[in-house]
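K.L.:
Quick one, what's the 3D model for this:
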Amino acid sequence: MNEKILRELREHSNFVFNNLNIALSEVLIRNFNKQLEDSVNRMERERRTSSEDIRIAKEAYSKFIRGMYPYREKGTGIKDLVRYRALDESKRSLCPLWPIC
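P.N.:
Numbers count the residues shown, from 1 in each chain. Have a look, this model is predicted:
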């Protein structure tokens, strides 16, 4: 797996989450990280790892994360919480969305 691409997608996703002031639940963190890894593996399998492909993947993750936002739970702390339902609803409404699904 291309660790550089994974790191870029993870950093980009964290930036989007922070801008929306939302955090992932403990269970969702594992699922989301697996989703990132699956996306990178798909990009490599399809030989789509150019700078332009990475830009497209980042845009897809921005859209995917923004799709979770309406399903967030108001948090008692600083950030609202996103649970598995939000990920599932976002994915269902956006797929097919390369390289996520």
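K.L.:
ok, so what distance separates the residue positioned nearest the centre of the chain from residue 78?
P.N.:
Taking C-alpha atoms, centre = their mean, the centroid of the chain lies closest to residue 61, which sits 4.5 Å from it. Distance from residue 61 to residue 78, counting by C-beta to C-beta, to the nearest Å: 22 Å. C-beta: built from backbone N, CA, C; applies to glycine.
K.L.:
for residue 39, same thing?
P.N.:
Counting by C-beta to C-beta - residue 39 and residue 78 are separated by 28 Å.
K.L.:
Look up the closest residue to residue 42, ignoring the ones flanking it.
P.N.:
Nearest residue to residue 42, sequence neighbours excluded (C-beta to C-beta, 6 or more residues apart in numbering): residue 99, at 4.7 Å.
K.L.:
Can you give me every residue that contacts that neighbour?
P.N.:
Residue 99 is in contact with 39-40, 42-43, 46, 48, 57, 60, counting by C-beta atoms under 8 Å, 6 or more residues apart in numbering.
K.L.:
farthest pair in the residues you listed?
P.N.:
Spanning the widest gap among these are 46 and 60, at 13.6 Å by C-beta to C-beta.
K.L.:
distance between the longest helix anywhere in the chain and the chain's centre?
P.N.:
In the chain, with assignment by DSSP state H, the single longest helix is helix 26-45. Here helix 26-45 is found 8 Å from its chain centre; the criterion is C-alpha atoms, centre = their mean, to the nearest Å.
K.L.:
looking at it, residue 69 is touching residue 20, isn't it?
P.N.:
Yes. Residue 69 lies in contact with residue 20 (C-beta atoms under 8 Å); the separation is 5.5 Å.
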